[in-house]
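# The sequence and its predicted three-dimensional model are supplied below.
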Amino acid sequence: GGARTALLCWAFARGRGGKFLLRIEDTDQKRSSDAASVGFLKDLDWLGIDWNEGPEWTRPDGRTVGGGPNGPYFQSERVATYDHHLGRLLDSGAAYYAFDTAEELDAKRKAATARGEAFRYRIEGPAIPRAEAERRIAAGESAVIRFRTPVAPITIVDEILGEATLPAGEVDDFVIRKADGFPTYHFAVVVDDELMGVTHVLRAQEHFNNTAKHIVLQDALGFRRPTYGHLPLIFNPDGSKMSKRDKDKTLRKAVEDRKLSGPPAGTVDEATFAAWRKDKNMQLEFASAERLAAALDVALPEINVDDFRRSGYLPEVLCNFLALNGWSPGGDREKFDNEFLARTFDLKRVVKTPAKFDRVKLLAFNCDAITGMPRDEFVRRSRLHGEACHAEFLERLTAEQFRLLAEASHERSKTLDDLYRGNRWLVTADDAVEFADAKPARKAMLEGTPSGLELLRGVRGTLGGLAAWTRESLETAVTAFAAERCEGNLGRIAQPLRVGVTGATVSPPIFDTLAILGKDATLRRIDRCLAAWEARVGVKAG
RNA sequence: GGCCCCAUCGUCUAGCCUGGUUCAGGACACCUCCCUUUCACGGAGGUAACAGGGGUUCGAAUCCCCUUGGGGUCACCA
């Protein structure tokens, strides 16, 4: 969702010669971290989204983006500015100090709920005089600053949704500075938008009601009002909100399905596990979640941009698909790049309804893009992906082996990750290949006359005598063997060979598979396979 | 629950503003068949939607109202 918002903001600005401004809204000390900010910049960079103004960032290619005359672009570094404008509001009486404790507010909320009403904080009569309030704070009391919201209707003009008017009294005296001295989001945003010269704001629809707060603040501060556009939300296919919690949800379900009472060994410690099971809102750390998922053998849903990157999606495809959730260029066109999006995007064509994020369609788009790219580009990009995500896999292959593997995998890859996920057999030691007694393997080895097992024994001899070991020489030799032994039916011999070298029945085309593996490994594996299957079915050697 | 918003195939959407050219188009998924050395890919067909009810109009998916349904929001989070 955040990525789509950024993409559309970028496209909107670029399409009309504007500037895309990136601001880090880190006024919540509990939830903000440098790592998170850097991760966000990295994600945008990977997606191909750059910003004209904002945090400085040096891309992997050495180019630096960001900076600008209106910094700092981290709100946590702008507190003095906010305090200045807070002072203006305090001076004019448009804002006031409030000393309510969390318990008091909670009690009032409960009481309102009991009456079937929504709780709205609203001061009655004069506020505690500023001087007195500041004395109490100096003496150690905790206080927030609230905005004295005028009791009047508020009209929001939105370029996507149209116009909406909230009745008078709907917006309460909301907090604009927290007890820790940081402004709330609402206040910081309003000040920054003015100071940074923001003319257009595109954000998710969940902010729609917040815009009313921003409008009353702008009026009180004498600020200009940007043009707003509220983007439809993105949901999971089941209609639930897409959130980072979905990973924990998946894990919780797996833990329950397996009726686990404690954490699997080497994942998380007992105490963390127990606390996590008890508190449904608690999120496991990234590494812990990964370990637990591996131990439970479940796939974590892709949620963050980085998840999609690691799953082997192409950034240009992700952008394309993200834009399609909530916008379309009209007509039947679906495939486009970011440049097209920038040229064509406009608010009038943004839909008003929330979209369910369909990973299956995303995968189909990714597959189309991969199939459509030149072979060399696929080899290059899948290698890059491997360097980032599968270093240990690449280490076990020569450059030539990788090239053969990538070329053979191109047309059957839906993601850049498929070749790594689907070819573990290649990086398994020859004597560690397992010849499982699975149904498809059984069929390949035992059915027919002669049986797959017999054919494999026969072709092993042919292969053993081969001088050249290339796809072409293998094809010539095996085809001749098939013509002689099984009426030219290549399938009868291809499958036993697959089982022989990979242990199972799925791999790239068989001659590619053998060529990539190499002669020695192929023969060693076939011998082990023969031994394993003959022992299994009681065939006497020879 | 209050307030606000929304409503076309299972999903993303085109069409709606500027009613007739649409017994509603595309894509993904699904089904059938073909291709095929596995897995994929590919090819040819097919099923499938204007939430319901009232208006307005010669005529409504398109305009209006109601109902129903969905969503957002009601924090010292953003």
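Sure thing, it's come through.
# can you give me how far the lowest-mean-pLDDT helix or strand in chain A is from the chain middle?
Taking mean pLDDT, DSSP states H and E as the measure, chain A has helix A:245-257 as its least confident helix or strand, at a mean of 86. The chain centre lies 17 Å from the centre of helix A:245-257; the measure is CA atoms, centre = their mean, to the nearest Å.
# go on, stretch A:438-451?
For stretch A:438-451, the distance to the chain centre is 42 Å (CA atoms, centre = their mean).
# tell me which residues of that stretch are tucked away?
A:441-442, A:444-445, A:448, A:451 (16 or more other CB atoms under 10 Å). From N, CA and C alone the C-beta is placed, and that goes for glycine too.
# just stretch A:385-404 next, same as before
A:385-386, A:389-390, A:393-394, A:397, A:401-402, A:404.
# Just these: which are in helices?
Using DSSP state H, the subset of the buried residues of stretch A:385-404 located in helices is A:385-386, A:389, A:393-394, A:401-402, A:404.
# Tell me what angle the helix or strand just after the least confident helix or strand of chain A forms with helix A:245-257.
Scanning forward in sequence from helix A:245-257 by DSSP states H and E, the next helix or strand is helix A:270-278. Helix A:270-278 runs at 100 degrees relative to helix A:245-257, counting by axes from the mean of the first three to the mean of the last three CA atoms, to 10 degrees.
# contacting residues around stretch A:292-308?
The list of residues contacting stretch A:292-308 from outside it, by CB atoms under 8 Å, 6 or more residues apart in numbering, reads A:3, A:39, A:42-43, A:46-47, A:242-244, A:246-247, A:250-251, A:254-255, A:258, A:263-268, A:284, A:289-290, A:311, A:313, A:318, A:359.
# Pull out the buried residues from those residues.
A:3, A:42-43, A:46-47, A:242, A:246-247, A:250-251, A:254-255, A:263, A:267-268, A:284, A:289, A:311, A:313, A:318, A:359.
# Assess the claim that residue A:21 and residue A:54 are in contact.
Yes. Using CB atoms under 8 Å as the test, residue A:21 is close enough to residue A:54 to be in contact (5.9 Å).
# shared neighbours of these two, anything?
A:68, A:73.
# my read is residue A:406 is in a strand, agree?
No. Using DSSP: H, G, I helix; E, B strand; the rest coil, the secondary structure at residue A:406 is helix, not a strand.
# quick one, what contacts it?
Here residue A:406 is in contact with A:378-379, A:382-383, A:419 (criterion: CB under 8 Å, 6+ apart).
# Equivalent analysis for residue A:310, please.
Counted by CB under 8 Å, 6+ apart, residue A:310 has contacts A:388-389, A:417.
# Could you tell me the per-residue confidence at it?
Residue A:310 is assigned 96 on the pLDDT scale.
# Quick one: neighbours of residue A:473, just the number.
Other residues within reach of residue A:473, judged by other CB atoms under 10 Å, total 14.
# cool, residue A:534 as well?
16.
# State the helix or strand in which it lies.
helix A:519-537.
# Off-centre distance for that helix?
With CA atoms, centre = their mean, you get 42 Å for helix A:519-537.
# Same question for stretch A:386-394.
Worked out by CA atoms, centre = their mean, stretch A:386-394 lies 20 Å from the chain centre.
# For it, measure first residue to last.
By CA to CA, to the nearest Å, the extent of stretch A:386-394 from end to end equals 7 Å.
# excluding its backbone neighbours, what's nearest residue A:405?
residue A:516 (5.2 Å; CB to CB, 6 or more residues apart in numbering).
# Any figure for the gap between that neighbour and residue A:78?
Counting by CB to CB, to the nearest Å, the separation of residue A:516 from residue A:78 is 57 Å.
# before we move on, what about residue A:346?
Residue A:346 is 32 Å from residue A:78, by CB to CB.
# so where do the helices sit in the stretch 1-150 of chain A?
A:2-15, A:34-47, A:79-92, A:102-114, A:130-138 (DSSP state H, counting those that start in this stretch).
# Could you say which one of those comes nearest to RNA strand B?
Distance to RNA strand B, taken as CB to the nearest atom of the strand, is lowest for helix A:102-114 among the helices of the stretch 1-150 of chain A, at 5.4 Å.
# Can you list the buried residues in that closest one?
Buried, per 16+ other CB under 10 Å, within helix A:102-114: nothing.
# picking up where we left off before, neighbour count: residue A:516 and residue A:78, which is higher?
residue A:516 (27 against 19).
# Let me know the secondary structure of the more buried one.
helix.
# Would you quantify the distance from it to RNA strand B?
12 Å (CB to the nearest atom of the strand, to the nearest Å).
# And the pLDDT at the closest residue in space to residue A:420 that isn't next to it in sequence?
Among residues not flanking residue A:420 along the chain, residue A:390 sits closest, at 4.5 Å (CB to CB, 6+ apart). Listed pLDDT for residue A:390 reads 96.
# And for the one 3 residues further on?
Turning to residue A:393, the model gives it a pLDDT of 97.
# how many other residues sit next to the residue lying closest to residue A:53 once chain neighbours are set aside?
Distances taken as CB to CB, 6+ apart put residue A:68 closest to residue A:53, at 3.4 Å, once the chain neighbours are dropped. Per other CB under 10 Å, the neighbour tally for residue A:68 reads 17.
# and residue A:68, what is it in contact with?
Applying CB under 8 Å, 6+ apart to residue A:68 gives the contacts A:21, A:52-54.
# So which of those residues wins on neighbours?
Busiest of the contacts of residue A:68 [other CB under 10 Å] is residue A:54, holding 24 neighbours.
# how far away is it from residue A:342?
In terms of CB to CB, residue A:54 sits 18 Å off from residue A:342.
# show me the residues around residue A:266 that make contact.
Taking CB under 8 Å, 6+ apart, one finds A:291, A:295 in contact with residue A:266.
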